[in-house]
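dropping a prediction and its sequence here:
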Amino acid sequence: MEFPFRVAVPVPLFLAPMAGVSEAPFRLLCRRFGADVVVSEFLSSEGLRRGSERTLRMAAFDAEERPIGIQIFGSEPAAMAEAAALVTDVFAPDYVDINFGCPVKKVVKRNGGSGCLKDLDLVQGIIRAVAAATRLPVTVKIRSGWDESHRDPVGIALRCQEAGARALTLHARTRTEMFSGAARWEEIASVVEALEIPVIGNGDVTTAADVVRMRRETGCAGVMIARGSFGNPWIFRDARALLDGRPVPLAPTAEERFRTALEHARLTLAVEGDTPKTAMEFRKHLGWYARGLPGAAALRERLHRVATLAEVEQIFSHYLTSGEVLAPA
Ligand SMILES: Cc1cc2nc3c(=O)[nH]c(=O)nc-3n(C[C@H](O)[C@H](O)[C@H](O)COP(=O)(O)O)c2cc1C
């Protein structure tokens with residue numbers, strides 16, 4: 001039941017792989033706020049083997065982020081093996097994670113991500129090829145199946161374990177469900193029961209209390225958080241406190257939220273380059289950090305139009321001193 005990479009606590013908290021969100025700056029921030037393990041965005045095996053500059057840039061990480069998994073996807077065992085070997089040689093993360101869960105059309109159409117869940121021989125072929133190509137532990141992230149008629153989380157998970165996966169994350173929904181309905185945590189419990197390798201539970205953990213409840217209800221070895229971390233790296237700190245039997249710290253003040261948002265923004269500009277594109281892509285994070293504050297709707301609307309960091313600083317300081325949203329110049 002041991003994790004195949006070093007973790008400092010008995011029940012590690014994972015920041016989920018999230019395209020466009022779990023980039024190096026956010027991963028670093030979440031590590032500092034108490035995430036025990038982080039995972040890269042999913043990287044295309046084809047992009048990696050072609051040496052795509054963009055894909056290689058997405059694979060880079062800071063030593064402070066460790067332990068980190070790099071996640072790859074694809075439907076060709078040989079390409080996946082090549083990608084895993086390259087990731088191992090060039091970046092040497094703590095483990096390689098295979099994405100069998102992505103529901104996005106563009107990926108599934110090429111039989112990548114959850115597309116593989118329709119063909120478990122292919123799933124096993126990919127895991128075996130990847131495991132043979134790297135000295136690093138190989139883990140997998142799956143959904144409960146392709147659709148209701150293929151729904152078989154235990155069967156899929158057992159095949160993954162048999163093929164050599166050293167840990168498994170289950171997002172307990174099918175591909176057809178996308179993000180609708182509720183994740184079926186009882187399926188996580190069944191997979192925990194059936195497998196010998198560590199199982200990481202994932203799906204609908206939005207508060208620190210949910211982390212404790214998922215752990216209690218499923219017996220999972222670790223908990224992975226995706227959407228619940230949006231604008232809220234504090235969820236890791238709070239969950240750790242609850243798991244340790246300590247009271248949850250006070251919620252962050254507006255000032256703390258803004259300070260963290262600015263730190264996140266500065267890190268992002270440093271890593272991605274100080275360009276209008278970076279600023280535009282960062283707007284979603286600003287909106288998430290403002291969630292729940294008085295007048296959040298107007299504040300978020302304003303933040304969704306910013307073009308520079310200086311403008312964000314002005315909006316934040318005006319809000320803190322007056323409680324009002326700065327009008328556009
Ligand atoms: C914006 C976004 C991007 C995602 N990208 C990935 C990805 O690259 N790889 C992956 O395995 N899952 C990806 N996921 C799925 C999440 O890792 C996670 O399995 C799912 O969101 C359920 O967890 P949650 O209920 O905590 O959000 C993504 C989810 C979101 C919301």
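Arrived safely, thanks for sending.

and the helix ranked longest in the chain, what's buried?
Determined from DSSP state H, the single longest helix within the chain is helix 254-272. Using 16 or more other CB atoms under 10 Å as the test for burial, helix 254-272 gives 254, 257-258, 260-262, 264-265, 267-269, 272. C-beta here means a position set from N, CA and C on the backbone, and glycine is covered the same way.

same thing with stretch 9-21?
So stretch 9-21, judged by 16+ other CB under 10 Å, has buried residues 11-19, 21.

alongside the ligand, which residues does this protein contribute?
16-21, 41-42, 71, 99, 101-102, 141, 171, 202-205, 225-228 (CB under 6 Å from any ligand atom).

wasn't G69 part of a helix?
No - using DSSP: H, G, I helix; E, B strand; the rest coil, the assignment for G69 is strand, not a helix.

for it, name its beta-bridge partners.
Under DSSP bridges, the beta-bridge partners of G69 are V39, Y95.

tell me which residues touch it, please.
G69 makes contact with 5, 17, 37-40, 93-97, 139 under the criterion CB atoms under 8 Å, 6 or more residues apart in numbering.

I'd say G113 and S44 touch.
No - counting by CB atoms under 8 Å, G113 stays clear of S44, with 10.4 Å between them.

between these two, which one's more packed in?
Remark: of G113 and S44, G113 carries more neighbours, 26 against 21, as counted by other CB atoms under 10 Å.

just the pLDDT for the more buried one.
pLDDT, G113: 70.

and if you look at L262?
The predicted structure lists L262 with a pLDDT of 98.

repeat that for H150.
H150 is given a pLDDT of 89.

what number of residues lie near V90?
11.

mind listing what it touches?
Applying CB under 8 Å, 6+ apart to V90 gives the contacts 56, 59.

before we move on, the earlier item: identify the farthest-apart pair in the contacts of G69.
Farthest apart among the contacts of G69 by CB to CB are F5 and P17. That separation is 15.1 Å.

that older thread, ChimeraX command to pick out the buried ones of the residues of the chain next to the ligand?
Filtering the residues of the chain next to the ligand down to the buried ones (16+ other CB under 10 Å) takes a single ChimeraX command:
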select :16,17,18,19,21,41,42,71,99,101,102,141,171,202,203,204,205,225,226,228
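
just the residues of the chain next to the ligand: which are in strands?
In this view, the residues of the chain next to the ligand that belong to strands under DSSP state E are 41-42, 71, 99, 141, 171, 202, 225.

just give the number of residues close to the nearest residue to W288 once chain neighbours are set aside.
Distance criterion CB to CB, 6 or more residues apart in numbering; nearest residue to W288, sequence neighbours excluded, is G231 at 2.7 Å. If you count neighbours by other CB under 10 Å, G231 ends up with 19.

lovely, talk soon.
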